[in-house]
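Colleague: Fold the stuff below for me.
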Amino acid sequence: MTLDQVLAFGLIGVTVAAFIWDRLPYDLIALTALAAGIALGLVPAEKAFSGFSDDIVIIVGGALVLSTAIARSGAVETLMRPILPHLTSAQRQVTALAGGVLLLSMVTKNVGALAIFMPIALQLARRTGTSPSTLLMPMAFASLIGGIVTLVGTSPNVIVSKVRADLTGQPFGMFDYAPVGLCVAGVGFLFLCLGWRLLPRRDSGARAMDAAFNLERYTTEASLPAGHPGIGGTLGQLEALADGDVRIATILRERFRRYPASPDFRLQADDVLLLSGEPDALERFVARADLVLAGALPEAEAVVMEGVVTAESGLVGHTAAQLDLEQRQGVLILAVSRRGRRIEQRLSAVRFRAGDVVVMRGRTAALGPSLGALGVLPLAAREIALGRNDRSWIPAAILAVAMGLVALHVVPVAVAFFGAVVAVLLLRSMTPHEAYQAVEWPVLVLLGALIPISETVTSTGGADLIAAHLTTLVQDLPPIAAMGTILVLAMAVTPFLNNAATVLVMGPIAAKLATKLGLAPDPFLMAVALGAACDFLTPIGHQCNTLVMGPGGYRFGDYARLGLPLSLIVVAVGIPMIALVWPLRPA
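Modeller: Predicted coordinates:
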C-alpha cells in the first residue's frame, strides 16, 4: 500500500467517523475533508472545486426546486381530495398514501414527494383518529422504494450514473433503473400495505403524536378589545360560543396577573385569554367571539402555517420575545403544542424546544423564507387562494415535459431540470427567493465537496486495492453472489453514513471488483445504487426516515420492525432482478 493510498483511506475513514459521530454539520465535515485532501496533495488544486460544477449538483438542486413548486401548487391535494372521504380505515389510508408517495417519488426527488404528502396524512389522521405513527413510516419507506425506479428519484441513482459515465463514458439513462426498480417497488409496496401492522402500538407514542398534532392541545392567546360586548360578562358566557371545541385555560390581566379560568369570572377590557383547541376551532371561536389574536395582521396580508421546531432551529432555547421574531423575521407565534404539556404563560415568554409544534402567522411574502431561516419544518398544507386557476398545474406540467424530453433523449437530465426550473420561475409559479429556499444547500455542498474526495480512491489506486481484497473473498462464489455481496454491503453501510457518500466511495470499488472478476460492471453499480437507496433500519441514514421520526413519535428501534423484513425483500427481489436485467457476463 502506497503512502497516497494510506492517506486517502485515512481521510475517508476520518470523514466517515465524523459522519457517524454526528457532532458537526455534514456539509462542514465534507468541506473540511476537501480542504484536508488539498493540503495532503490528494486532490489537485485545479480539480478541487470540480465537484460543484458536476451535473449531479444541478440535477439534485433542480429536483428539490421542482418538488417544492409542485407541493406549493396544490396539484397533489386537488388530485387526492375526491378520495379522501373514502379513506375511513387505517388500511385504506396506508394503501392510498403510501401508493401516492411511491408514484410521485418515481418522477421527483423522494424527500420532496414525502414532504408533499405529509400534510395530507396528518390532516387525515386528525379527522379520522388514526395515529400518524401508523401512516408516516410506511409513507417514508414507500418514498425510498419509489425513488429507485428512475434516475431522479433518489441521489444514489444520480451518483451511480455519474460513476458509470466516468468509467465508460455513458451514464445510465432516466429509465434504466425502471425494470429492477418497478419490481422491487411493487413487491415492497404490497408488503407495506400489510406490514404496517408490525409497527408498535404504544399508547405513549399515540399520546406523543396527540401532543404534536392532535390540536386540542395547542395553546394560543387572544384579547378582549375595548368596547367588546363581552366586557363585564362571565367567562362561561364567552366560552359557550366555542361549542365545546375550545377551552379557556388561563386569564392574564395587566400583563402579569394570572387568574384560573372559572365560569363566573368577570371579564375586563384587554384581558388576555390563553385558549386551547384545534387551530380550526380556535379560528372559528376567535372570529365568533370577536377576539383579537396577539399581533394579528390584516387578513388580506397574512398567511398561517404549522411547523415543527427542528433540533437545528435557531428558536431552540430562546423565546419569541428574545429573538424579536415580529421585527426581525416578520412572523408571529400564534400557538404552541408541546407533547401534551399545558402551557400557562404568554407565548412570547415560552422557551422553545426541539419538537415543539407551532402555528406561525406572517405576511405571505415573508413567512416561507422565515420558516427556512428559523429551521422550522412546515407541516400543514399550503393555503390555496379561492378561485384556483390553471396555474396550479403548471409545475406538474413542466416536470412532465422535462421527463419526456429526457426519455426521448432530446436533452441530458441536467439540462432538462435546469430548463424546468427556469420555466417555473418565468411563469411565476415560484419566486426566485422561494426557489433558493427550496434548495437544501448543505446537501449540494456535501456532494460538491465529496466528489473530489471520492475520486482519490480511484486516482491513488485504492479502489483497485480494495477490489483485489474483495476479489479474494468472493472469487469462489457464483457471480450473482458476488454482486449480492456488494448490494448487502452498501445497504449495511448506508444507515451509518450518508447515502451519497456511500455511493461515491463504493461505486468505483464495485466497478473495479467486477472488472477483476471478469464480470460486467453495470449490475454491480446497480447493486450499489439499490443498496444505498434502501435504508429502512435507522432514522439517520436517509432524510425521509428522519423527516417522520418526530411527527410519528417513533423510537430508534421502531424502524427495524418494519424495515428489516422490507430490507430482506429488497435483497431477495433485487439480486435476481439485477442479474436478469443486467447480465453479469460481459457481452
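
Colleague: and residue 331, backbone torsions?
Modeller: When read as degrees, to the nearest 10, the backbone of residue 331 gives phi -130, psi 150.

Colleague: That one and residue 324: what is the separation?
Modeller: 11 Å (Cβ to Cβ, to the nearest Å). All C-beta atoms are positioned from the backbone trio N, CA, C, and that covers glycine.

Colleague: Equivalent analysis for residue 92, please.
Modeller: For residue 92, the distance to residue 324 (Cβ to Cβ) stands at 46 Å.

Colleague: Same drill for the two, tell me which one is more crowded.
Modeller: In this view residue 92 and residue 324 are compared by other Cβ atoms under 10 Å, and residue 92 has more residues nearby, 15 against 11.

Colleague: For the more buried one, what is the enclosing helix or strand?
Modeller: Per DSSP states H and E: residue 92 is located in helix 90-105.

Colleague: Over to residue 247?
Modeller: Assigned by DSSP H and E, residue 247 belongs to strand 246-253.

Colleague: Now do the SS call for the nearest residue to residue 560 once chain neighbours are set aside.
Modeller: Once flanking residues are discounted, residue 560 sits nearest to residue 537: 5.4 Å by Cβ to Cβ, 6 or more residues apart in numbering. Per DSSP: H, G, I helix; E, B strand; the rest coil, the local secondary structure of residue 537 is coil.

Colleague: Please look at residue 578 and residue 529 and confirm they touch.
Modeller: No: in this structure residue 578 lies outside contact range of residue 529 using Cβ atoms under 8 Å: 9.7 Å.

Colleague: Have a look at the two and say which one is more surrounded.
Modeller: Neighbours were tallied for residue 578 and for residue 529 using other Cβ under 10 Å; the higher tally belongs to residue 529 (34 against 27).

Colleague: Which elements pack onto the strand holding residue 247?
Modeller: helix 235-239, strand 257-260, strand 272-277, helix 279-288 (3 or more Cβ pairs under 8 Å, 6 or more residues apart in numbering; DSSP states H and E).

Colleague: which helices and strands does the helix or strand hosting residue 141 pack with?
Modeller: Assigned by DSSP H and E, residue 141 belongs to helix 132-147. Under the contact definition 3+ Cβ pairs under 8 Å, 6+ apart, helix 132-147 sits against helix 90-105, helix 110-128, helix 178-195, helix 203-213, helix 543-552, helix 558-581.

Colleague: Please repeat the previous calculation with a cut-off of 10 Å.
Modeller: With contacts defined as 3 or more Cβ pairs under 10 Å, 6 or more residues apart in numbering; DSSP states H and E, helix 132-147 has these neighbours: helix 90-105, helix 110-128, helix 155-168, helix 178-195, helix 203-213, helix 521-533, helix 543-552, helix 558-581.

Colleague: got the angle for it vs helix 90-105?
Modeller: In terms of direction (axes from the mean of the first three to the mean of the last three Cα atoms, to 10 degrees), helix 132-147 departs from helix 90-105 by 30 degrees.

Colleague: Work out the gap between helix 132-147 and the centre of the chain.
Modeller: Helix 132-147 sits 11 Å away from the centroid of its parent chain (Cα atoms, centre = their mean, to the nearest Å).

Colleague: tell me the average confidence for that helix?
Modeller: Across helix 132-147, the average pLDDT comes to 92.

Colleague: Tell me the helix or strand right after the worst-scoring helix or strand of the chain on mean pLDDT.
Modeller: In the chain, no helix or strand scores lower on mean pLDDT, DSSP states H and E than helix 203-213, which sits at a mean of 40. Using DSSP H and E, the helix or strand that follows helix 203-213 in sequence is strand 218-223.

Colleague: between that following strand and strand 272-277, how many degrees?
Modeller: Per the same axes, to 10 degrees, the angle that strand 218-223 makes with strand 272-277 is 150 degrees.

Colleague: what sits in contact with each of residue 578 and residue 529?
Modeller: Applying Cβ atoms under 10 Å, 6 or more residues apart in numbering, one finds that residue 578 and residue 529 are jointly contacted by 180, 487.

Colleague: so who does residue 319 touch?
Modeller: Counting by Cβ under 10 Å, 6+ apart, residue 319 touches 325, 333, 345, 346, 347, 348, 349, 350, 351, 352.

Colleague: With residue 263 instead?
Modeller: 234, 235, 236, 237, 238, 239, 240, 248.

Colleague: quick one: the third one and residue 247 touch, right?
Modeller: It refers to residue 236. No: between residue 236 and residue 247 there is no contact under Cβ atoms under 10 Å: 11.9 Å.

Colleague: With neighbour numbers in mind, choose between those two.
Modeller: Counted by other Cβ under 10 Å, residue 236 and residue 247 do not tie: residue 247 has more neighbours, with 16 against 13.

Colleague: Quick check: beta-bridge partners of that one?
Modeller: In this entry, residue 247 is beta-bridged to residue 276, by DSSP bridges.

Colleague: now the helix or strand where residue 65 lies: how far from the chain's centre is it?
Modeller: Using DSSP H and E, residue 65 falls within helix 55-73. Mean C-alpha position of helix 55-73 versus that of the full chain (Cα atoms, centre = their mean) differs by 13 Å.

Colleague: what is the orientation angle of that helix with helix 90-105?
Modeller: Going by the same axes, to 10 degrees, helix 55-73 makes 130 degrees with helix 90-105.
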